[in-house]
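Student: No sequence on hand, only this structure:
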Ligand SMILES: [Mn+2]
């Protein structure tokens, strides 16, 4: 099978075999709930890569979101190694694969950028940072994802923040974009508050901007940003399982990404829950592609 071109035309290895600073990879499958239809997010990485190809020839041009070319005239330092060989039927193996891949990227002093997959794939992604802590987690999502279990499964898409809160290398959690209803009830909000998570609702974000979230993160912190596509407003990100009005704008998301890179360092990034069958005219894949360009551009600019 011919390899799909890398995100933004990135190679799968650097020409001189030098170590990359950023490694992009896809993780199509994570931990499925029993009896649930297969995830609509399996093809997300493929669709986002495809949406990025129009800009692949423009990487040396001025990107007004970044105030300069995406790679800032530095030598090419990013690779896309393609999708991990996850499978729909083996959640434990998928988790082991995602965790060990994240660990290898970090061991080579690079920043992992993962494209899911549903919101179960961040759990092994966070776990892969255990030798690279302490980390803070900034979650952008309509939902808080604090369920201890659903249908007896503790590693599914309703539980990533609960599992993160149990990891010794996770120093703190900031959650942005919460609105409307999801899997959480009062018990989940209590657990998050008891842990000390900072919750910034979508309404608070609209009122105060990125500062409302960033002030909770200590200066110099290493931050893993985890983005559920439903954190964005469905007007720019319609390709999600449950469209919820009132979400973050594209500009608010890239403001947050820039603010994290100035406050501390982006130590890792994942983007999940792009439900490609629900997308409209490729708009969500395009928005996701632009967000990833901003992430790469900000990481490249970190000292
Ligand atoms: Mn969500």
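Tutor: Ah, there it is. Note that this is a predicted model, so its numbers are computed, not measured. Numbering: from 1, shown residues only.

Student: Please list the residues of the stretch 51-200 of the chain that sit near the ion.
Tutor: 141-143 (CB under 5 Å from the ion). To be clear about C-beta, it is placed using only N, CA and C from the backbone, and glycine gets the same treatment.

Student: Mind telling me which residue is nearest the centre of the chain?
Tutor: In the chain, the C-alpha nearest the mean C-alpha coordinate belongs to residue 270, at 2.1 Å (CA atoms, centre = their mean).

Student: ok but that residue is inside a strand, no?
Tutor: Yes. Assignment of residue 270 by DSSP: H, G, I helix; E, B strand; the rest coil places it within a strand.

Student: separation between it and residue 16?
Tutor: The spacing between residue 270 and residue 16, counted by CB to CB, to the nearest Å, is 28 Å.

Student: show me where this protein has helices.
Tutor: Taking DSSP state H, the helices of the chain run over residues 44-52, 91-107, 122-127, 160-165, 186-195, 202-208, 211-214, 250-263, 283-300.

Student: hey, which of the ones you listed is tucked in deepest?
Tutor: Most buried of these, by mean neighbour count (mean count of other CB atoms under 10 Å): helix 122-127, with a mean of 26.

Student: tell me the mean pLDDT over that helix?
Tutor: On average, the pLDDT along helix 122-127 is 98.

Student: Can you name every helix or strand that it contacts?
Tutor: helix 91-107, strand 111-116, helix 160-165, strand 222-228, strand 265-272 (3 or more CB pairs under 8 Å, 6 or more residues apart in numbering; DSSP states H and E).

Student: possible to save the helices of the chain as JSON lines with distance to residue 38?
Tutor: Shown next, in JSON lines, are the helices of the chain (distance: least, CB to CB, whole Å):
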{"stretch": "helix 44-52", "distance to residue 38": "13"}
{"stretch": "helix 91-107", "distance to residue 38": "12"}
{"stretch": "helix 122-127", "distance to residue 38": "19"}
{"stretch": "helix 160-165", "distance to residue 38": "19"}
{"stretch": "helix 186-195", "distance to residue 38": "26"}
{"stretch": "helix 202-208", "distance to residue 38": "29"}
{"stretch": "helix 211-214", "distance to residue 38": "33"}
{"stretch": "helix 250-263", "distance to residue 38": "28"}
{"stretch": "helix 283-300", "distance to residue 38": "19"}
